[in-house]
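S.K.: based on what follows, work out the 3D shape:
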Amino acid sequence: GELGALGGGVASASTGGSTSTGTAAAGGGAMARAGGELSVVVPCYEEQDNVRQLCTRLFAATRAAGLTAELLLVDDFSGAGSEATKKVVAELRKEGHAIDVKVRMPQEGKGLSSAVVTGLKMAQYPVLLVMDADLQHEPESVPEVAGPILRGEADFAVGSRHVEGGAAEDFPLVRRIISWVATLLAYPLTASRDPMSGFFSLSKETFERGRDSLNPLGFKIGLELMVRCECKTVKDVPIRFRDREAGESKLTMKQNLYYLQHLLILYWHKYPAALVAVFLLGLAILLAAASFLRAELEA
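M.R.: Okay, the predicted model is just below:
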């Protein structure tokens, strides 16, 4: 079936109103049990081996938090991979899970960011959350990451590795340096400590503010949404970023170049041209430093 055609969710709302005392990174604490409705959008490509575990763990977490939820997969066509994903989804639906998949053919678009936008447009619930299919984003953290939006505390919530309580497992030093440089470059665009995170939440109302101006490019759709949707209040929520369970990483040097191009576009959107010149100078210096460090580490 088409995304957005799903019926009711899997859990009724709880009436409690206590606030969370734990962190998502620790996998504990009492999520604020105020209930609510949540659409979880997951872009995927050849992630059929992760879908069942993602689904069952996600709905266990949303039930425990008193949330009514739907899981929407947007799968870029990959032949046998897409057919396998559809088969797993059909089985999960028969088991009672509110899951659906939209398989995009090449003429409909391709790429992670545009897949996310497709899913957000089709979501039926007022609070939206985006996460990866590879289980590097723990499904148990979903209620925590969506919490600030469900409680009306922020325009945008980011599952962050870089705040107290957050962590990134088995992250090589070179990737840590690249991540640090990329975060520094995005600092004038957002207050988030992890603006490259693909684990985030916002309301449908906030999404509608920027949906017609979105220019999805590369992997960093969260940063695009923060800027284009004019998010004034951004809250980082600690998460543990895990090694992928199955499949191969889609991150390449090409995606890093897309990120730099994306930053230029967003700077141009948010700031006068004079500031872009300053950014370009800083970018040149940081790229030179990153290249030198990488050469030294690989020597």
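S.K.: what about Ala69, which helix or strand?
M.R.: Ala69 is part of strand 67-76, with elements assigned from DSSP states H and E.
S.K.: doesn't Leu283 lie inside a strand?
M.R.: No. Counting by DSSP: H, G, I helix; E, B strand; the rest coil, Leu283 is located in no strand; its state is helix.
S.K.: was I right about it contacting Tyr267?
M.R.: No. The pair Leu283 and Tyr267 does not pass the contact test of CB atoms under 8 Å, sitting 9.6 Å apart. To be clear about C-beta, it is placed using only N, CA and C from the backbone, and glycine gets the same treatment.
S.K.: where does the stretch 101-250 of the chain have low pLDDT?
M.R.: Applying pLDDT under 70 to the stretch 101-250 of the chain flags residues 169-171, 218-219, 243-250.
S.K.: so which residues of it form strands?
M.R.: When assigned using DSSP state E, counting those that start in this stretch, the strands of the stretch 101-250 of the chain occupy the ranges 127-130, 156-160, 167-168, 200-203, 234-238, 240-241.
S.K.: can I get the ones you listed in a markdown table with mean neighbour count?
M.R.: A markdown table is the format used below for the strands of the stretch 101-250 of the chain (neighbours: other CB atoms under 10 Å):
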| stretch | mean neighbour count |
| --- | --- |
| strand 127-130 | 27 |
| strand 156-160 | 28 |
| strand 167-168 | 16 |
| strand 200-203 | 27 |
| strand 234-238 | 23 |
| strand 240-241 | 22 |
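S.K.: any chance of those strands in TSV with distance to Val116 as columns?
M.R.: TSV is the format used below for the strands of the stretch 101-250 of the chain (distance: least, CB to CB, whole Å):
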stretch	distance to Val116
strand 127-130	5
strand 156-160	14
strand 167-168	21
strand 200-203	10
strand 234-238	17
strand 240-241	18
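S.K.: how about the CA coordinates for stretch 117-130, as CSV?
M.R.: Coordinates of each C-alpha in stretch 117-130 appear next as CSV, following Å, rounded to 0.1, in the frame of the first residue of the first chain:
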residue,chain,number,x,y,z
VAL,A,117,11.3,14.5,2.1
THR,A,118,9.0,12.0,0.2
GLY,A,119,8.3,10.2,3.5
LEU,A,120,7.7,13.4,5.5
LYS,A,121,5.1,14.6,2.9
MET,A,122,3.2,11.3,3.2
ALA,A,123,3.3,11.0,7.0
GLN,A,124,-0.1,11.1,8.7
TYR,A,125,0.8,12.1,12.2
PRO,A,126,1.6,15.6,13.6
VAL,A,127,5.0,14.7,14.9
LEU,A,128,7.7,13.4,12.5
LEU,A,129,10.9,11.6,13.2
VAL,A,130,13.6,10.5,10.8
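S.K.: show me where the stretch 151-299 of the chain has helices.
M.R.: Using DSSP state H, counting those that start in this stretch, the helices of the stretch 151-299 of the chain run over 173-186, 204-210, 221-228, 253-270, 273-298.
S.K.: so which of the ones you listed is nearest Gly109?
M.R.: Minimum separation from Gly109 across those (CB to CB) falls at helix 221-228, 12.9 Å.
S.K.: how about the CA coordinates for the closest one, as PDB?
M.R.: What follows is the C-alpha trace of helix 221-228 in PDB, where atoms were taken according to Å, rounded to 0.1, in the frame of the first residue of the first chain:
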ATOM      1  CA  ILE A 221      18.700  16.600   5.200                       C
ATOM      2  CA  GLY A 222      18.500  17.400   9.000                       C
ATOM      3  CA  LEU A 223      20.600  20.500   8.500                       C
ATOM      4  CA  GLU A 224      18.600  21.500   5.500                       C
ATOM      5  CA  LEU A 225      15.400  21.300   7.400                       C
ATOM      6  CA  MET A 226      16.700  23.200  10.400                       C
ATOM      7  CA  VAL A 227      17.700  26.100   8.100                       C
ATOM      8  CA  ARG A 228      14.900  26.100   5.600                       C
END
